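In: Fold the following, please.
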Amino acid sequence: MGEAQLDALTGWPFVWSASRLKDSTATLAEWGQQDQVAALEWLLQRTGSDQVVLLGHSAGGQMIGLLPNHHRIARLVGVSASTGWFRAMRPAFGLKARLGLRCLVPLGIWLKGYAPTSKIGLGEDLPAGVARQWGQWCAAGGYATNAIRHQPEEDFHAKIRTPMTVLYAEDDDIANSATVQDLFRTFPAAPKRVLPVNPSHHGLKVLGHMNWFRSSHQAVWPLMAKAVRGADD
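Out: A predicted model of the protein is given here:
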């Protein structure tokens, strides 16, 4: 079996101008059902491989259950991948996230026509439809399963048998043991492994949700590379 590596399917793949964000009708589900599907097909065609290894950060590693071509993924490595379920977060941060995504973001959308998430420390600004759905999924738990309720022909979660490894930092406010397990429960048939990472064990003061791919935090890169190779501990 030929394998290629599919890198950089990160949580928020585009940085757009405010005018383009206002015009975007994209939803978070479409990023899985269309964008990730297309990226996977492009890589398969370009490399001639039978399958690929998917390395995805945050949302990039969470939506395989929406991909009709999921069987072309030999192995999934999710970095900071979880459901971000409000109820499974530490209470203080869960309250902050709920306030941001369910109150401030809708207000920002009403005022600007897009979600100014960068202003409240939630990554890059997002299309309105993406941000609304993100908040809905985090409130409900189960992440992308909320997009395809009552649509069994578009729900592949129970069919996934791709081995999954999720790495999360122990100082991550979003991806923690409970939110990772909430993600794992949506893939009952898949072999699953979780690797919590203590930043101090790698000479780092912080790692959190967003720092994994920064050159300043390359001490954790071998962990991701090992997971991509499918190497045992």
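In: I'd say Val206 and Ser200 touch.
Out: No: using CB atoms under 8 Å, Val206 is not in contact with Ser200, being 9.6 Å away. Where C-beta positions appear, they are placed from N, C-alpha and C, glycine not excepted.
In: sec struct for Arg161, please.
Out: coil (DSSP: H, G, I helix; E, B strand; the rest coil).
In: any idea how far it is from Pro191?
Out: Note on Arg161: its distance to Pro191, by CB to CB, to the nearest Å, is 8 Å.
In: Can you show me the strands along this structure?
Out: Using DSSP state E, the strands of the chain run over 3-6, 51-57, 73-79, 164-169, 192-197.
In: mind checking how far the residue positioned nearest the centre of the chain is from Gln45?
Out: For the chain, the residue nearest the mean C-alpha position is Ala59 (1.6 Å; CA atoms, centre = their mean). Separation of Ala59 from Gln45 (CB to CB): 24 Å.
In: Need the residues that contact stretch 80-90.
Out: Applying CB atoms under 8 Å, 6 or more residues apart in numbering, the contact partners of stretch 80-90 are 11, 56-62, 94, 97-98, 134, 137-143, 166-169, 172-176, 178-180, 182-183, 186, 209-210, 212.
In: Would you list the buried entries among those residues?
Out: 11, 56-62, 94, 97-98, 134, 137-139, 141-143, 166-169, 172-176, 179-180, 182-183, 186, 209-210, 212 (16 or more other CB atoms under 10 Å).
In: Mind checking which of those residues are in helices?
Out: Among the buried ones among the contacts of stretch 80-90, the members found in helices (DSSP state H) are Gly94, Ala97, Arg98, Trp134, Trp137, Cys138, Ala139, Thr179, Val180, Asp182, Leu183.
In: Gln36: what's it in contact with?
Out: Leu9, Gly60, Met63, Leu66, Leu67.
In: So, low pLDDT: which residues of the protein?
Out: Residues of the chain meeting the criterion pLDDT under 70: 1-19, 232-233.
In: Recalculate using a threshold of 90.
Out: Where the chain drops to pLDDT under 90, the residues are 1-21, 117-124, 150, 231-233.
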